[in-house]
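Q: Dropping the sequence and predicted coords here.
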Amino acid sequence: MLSNLEIEIKLRIDSVAAARRLLRQRGFSIVKPRVLEINTIFDTAAGALRSGRKLLRLRQAGRRHTVAFKGPPNSSRYKSREELESEFSNPASMRRILERLGYTPVFRYEKYRPSMLGQTGLGL
């Protein structure tokens, strides 16, 4: 079994306020203020990663910079796939490394994400 396995589920919610109340009732609390994430997806000009259902991402979240590779999804009830992630300190150099390897930015998205902790100790 892979030690770097991401398992993802998406839940429909009708009310953000109700979802927050439910999380608080279940023992979750915000442990850090929300942070802006800037995500840039890279691929080859021919779209080799996308066609293979893989992903290469650079992320900036506050002062933290990470590069991540996500493998193709496994066949299972929930979306799961290998995810390898590592921090780096020089965003300009990392971007140049990826470009020298033949990858270029193909998509960029931003979002705010809070850091939550529950009674189980799992971060969200």
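A: On my side now, so go ahead.

Q: ok, the residue lying farthest from the centre of the chain to residue 18 distance?
A: What lies farthest from the middle of the chain is residue 25; by C-alpha atoms, centre = their mean that is 26.1 Å. According to C-beta to C-beta, to the nearest Å, residue 25 stands 10 Å off from residue 18. Every C-beta, even on glycine, is put in place using the N, C-alpha and C of the backbone.

Q: do residue 9 as well
A: Distance from residue 9 to residue 18, counting by C-beta to C-beta: 18 Å.

Q: mind showing which ranges of this protein have poor pLDDT?
A: Scanning the chain for pLDDT under 70 picks out 1-3, 116-124.

Q: where exactly do the helices run in it?
A: Remark: helices assigned in the chain by DSSP state H are 16-25, 48-51, 91-100.

Q: Tell me which of those lies nearest to residue 65.
A: Among these, the nearest to residue 65 by C-beta to C-beta is helix 91-100 (5.2 Å).

Q: Return the alpha-carbon coordinates of that closest one using PDB.
A: Extracted C-alpha coordinates of helix 91-100, given in PDB (Å, rounded to 0.1, in the frame of the first residue of the first chain):
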ATOM      1  CA  PRO A  91       9.900  29.500  -6.100                       C
ATOM      2  CA  ALA A  92      11.600  31.200  -9.100                       C
ATOM      3  CA  SER A  93      14.200  28.400  -9.300                       C
ATOM      4  CA  MET A  94      11.600  25.600  -8.900                       C
ATOM      5  CA  ARG A  95       9.500  27.100 -11.700                       C
ATOM      6  CA  ARG A  96      12.600  27.300 -14.000                       C
ATOM      7  CA  ILE A  97      13.500  23.700 -13.200                       C
ATOM      8  CA  LEU A  98      10.000  22.600 -14.300                       C
ATOM      9  CA  GLU A  99      10.200  24.700 -17.400                       C
ATOM     10  CA  ARG A 100      13.700  23.300 -18.300                       C
END
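
Q: residues making contact with it?
A: Contact partners of helix 91-100, identified using C-beta atoms under 8 Å, 6 or more residues apart in numbering, comprise 40, 42, 56, 58, 60, 65, 67, 88.

Q: and the nearest residue to the third one once chain neighbours are set aside, what does it touch?
A: Spelled out, that is residue 56. Nearest non-adjacent residue to residue 56, counting by C-beta to C-beta, 6 or more residues apart in numbering: residue 42, 4.5 Å away. Going by C-beta under 8 Å, 6+ apart, residue 42 touches 49, 56-58, 98, 103-106.
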